[in-house]
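pasting the sequence and the predicted coordinates here, then a few questions.
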Amino acid sequence: MYLPYCSRANTDEFLAYLGKLRQLREELQYPNICFVGEFNAGTTNTFGGLLEDFCMENDFIISDHALLPQDKFTYISDAHNTTSWIDHFVSSIPVHQAMFDIDVQTECITSDHRAVAVSIQCSHLPEFDEEVMEP
């Protein structure tokens, strides 16, 4: 997933993407959901606050923020010699509770972003009834 860059001009588009995620969760009705990708939502920017609000309203957790030290980063700008934390693992509460390891893979360099690696004990996830789901 890739959401728009954090700027006032992109706020409506960012909120529209969060609305699509909310709609997807409502349609699927699965207890085990995670959204992973470049949210462009840092802890100190407007989109970060909007993502936090979305998670609180929809029973999601930004698992990487909840479980990792605050000095982590997922993006490096060589042009500006800066780092930021804009890539996230957003999970439903059951998925978050089944996680047993999460880390940013700083040694794996394939772009200016760093991968977030997550380990989940699938046997700890609640089952869902597929018959409840509409075709």
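Here it is on my side, so go on.

what does the helix or strand hosting Glu52 contact?
Taking DSSP states H and E as the definition, one finds Glu52 inside helix 46-57. Defining contact as C-beta atoms under 8 Å, 6 or more residues apart in numbering, one finds that helix 46-57 is touched by 3, 6, 8, 11, 14-15, 18, 21-22, 39-42, 60-62, 88, 90. C-beta here means a position set from N, CA and C on the backbone, and glycine is covered the same way.

for that helix, buried residues please.
The neighbour-count check on helix 46-57 (16 or more other C-beta atoms under 10 Å) flags 47-48, 50-51, 54-55 as buried.

you'd agree His88 is in a strand?
Yes. Checked against DSSP: H, G, I helix; E, B strand; the rest coil, His88 lies within a strand.

for it, name its beta-bridge partners.
Gly37 (DSSP bridges).

quick one on the thing from earlier: for Val104, state which of the buried residues of helix 46-57 is nearest.
Set against Val104, the nearest of the buried residues of helix 46-57 by C-beta to C-beta is Gly48 (16.5 Å).

ok, the closest one to Thr11 distance?
Shown here: Gly48 relative to Thr11, a distance of 13 Å by C-beta to C-beta, to the nearest Å.

got it, and Glu27?
25 Å.

the two: which is more packed in?
In this view Glu27 and Thr11 are compared by other C-beta atoms under 10 Å, and Thr11 has more residues nearby, 14 against 10.

now do the same for the more buried one: its pLDDT.
In this model, Thr11 is scored at 92, pLDDT.

for it, give me its contacts.
Per C-beta under 8 Å, 6+ apart, neighbours of Thr11: 46-47, 50.

host element of it?
Thr11 belongs to helix 11-28, assigned by DSSP H and E.

report how many residues lie close to the residue lying closest to Cys34 once chain neighbours are set aside.
In space, and not counting its chain neighbours, Cys34 is closest to Ser91: 4.2 Å by C-beta to C-beta, 6 or more residues apart in numbering. The number of residues packed around Ser91, counting by other C-beta under 10 Å, is 26.
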